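1. the sequence and its predicted three-dimensional model are supplied below.
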Amino acid sequence: MINKQKAALSVSAGTPEIGDTIYLTVADKQGMMVSLIQSNFRGMGSGLVPPKLGFCFQNRGELFSMSKNDLNVYAPGKRPFQTIIPAFVTKNKVPFMSFGVMGGAMQPQGHLQILLNMIDFGMDVQAAGDAARWYHFNDQEPTGEPLREGGKLALEESIPNSVREELKLRGHVLSYSKGDFGGYQAIHWDDINKVYHGASEMRKDGQAAGY
């Protein structure tokens, strides 16, 4: 019995997956809501750490171009094109939802799909994140990368074959992707019942908690 217990305790949790982005959102009883994404982009980010806070500033400014002919040229009053999008939605000038979908170029696509699921298809904040997603990639980039193969479309496995065949008929090039469909967290304010609804991503580690 003792040997079995020792064997069980020696099992390793394994090596964490590589990643460089986290999303979190919080809300308090006064109605204040915060939507935050932190992503280092490359290595240890900028290498600058604010005293006593314990995190590195990101270095997404790297996506600026120094060529005057590029859309993303470094210039006064401009921000570099980037996919750091802590999203916040209002409805009738009242906070509606604080949310984010991590995952590089999947972020704006994922945000659109979440909102469509809620607004057009009537899903609640958790179902909107659980629904199957699509991801378009290998297209023209604002940072100057050329178009490759006309762009590809990846669909999560639960999307039926009938949809896939229709997309092919419309000219889309389908491609397989195992896990590039983002990571979602959200807090939705229910202005009718005056309560918060939290949601967390089933595709990644995360949780929704209230106290």
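-> That came through, no problem. Numbering: from 1, shown residues only.

2. so which elements touch the lengthiest helix in the chain?
-> Determined from DSSP state H, the single longest helix within the chain is helix 106-119. Using 3 or more Cβ pairs under 8 Å, 6 or more residues apart in numbering; DSSP states H and E, the elements in contact with helix 106-119 are strand 94-102, helix 125-130, strand 134-137, strand 183-190. Glycine gets a C-beta too; all of them are placed from N, C-alpha and C.

3. mean confidence score for that helix?
-> Throughout helix 106-119, pLDDT has a mean value of 95.

4. can you list the buried residues in it?
-> Using 16 or more other Cβ atoms under 10 Å as the test for burial, helix 106-119 gives 106-107, 109-111, 113-114, 117-118.

5. of those residues, closest to Ala131?
-> Nearest to Ala131, judged by Cβ to Cβ, of the buried residues of helix 106-119 is Asn117 at 5.3 Å.

6. now the closest one. Nearest residue, chain neighbours left out?
-> Ala128 (3.8 Å; Cβ to Cβ, 6 or more residues apart in numbering).

7. from Met33, how far off is that neighbour?
-> 17 Å (Cβ to Cβ, to the nearest Å).

8. more neighbours: the two, which one.
-> Neighbours were tallied for Ala128 and for Met33 using other Cβ atoms under 10 Å; the higher tally belongs to Ala128 (23 against 19).

9. okay, the closest residue to Gln126 other than its chain neighbours: pLDDT?
-> Closest residue to Gln126 apart from its sequence neighbours, by Cβ to Cβ, 6+ apart: Ala199 at 4.2 Å. Note for Ala199: predicted pLDDT of 96.

10. low-confidence ranges in the chain?
-> Applying pLDDT under 70 to the chain flags residues 1-14, 16-19, 141-145, 148.

11. what segments of it are helices?
-> Under DSSP H, the chain gives helices at 2-9, 106-119, 125-130, 161-169.
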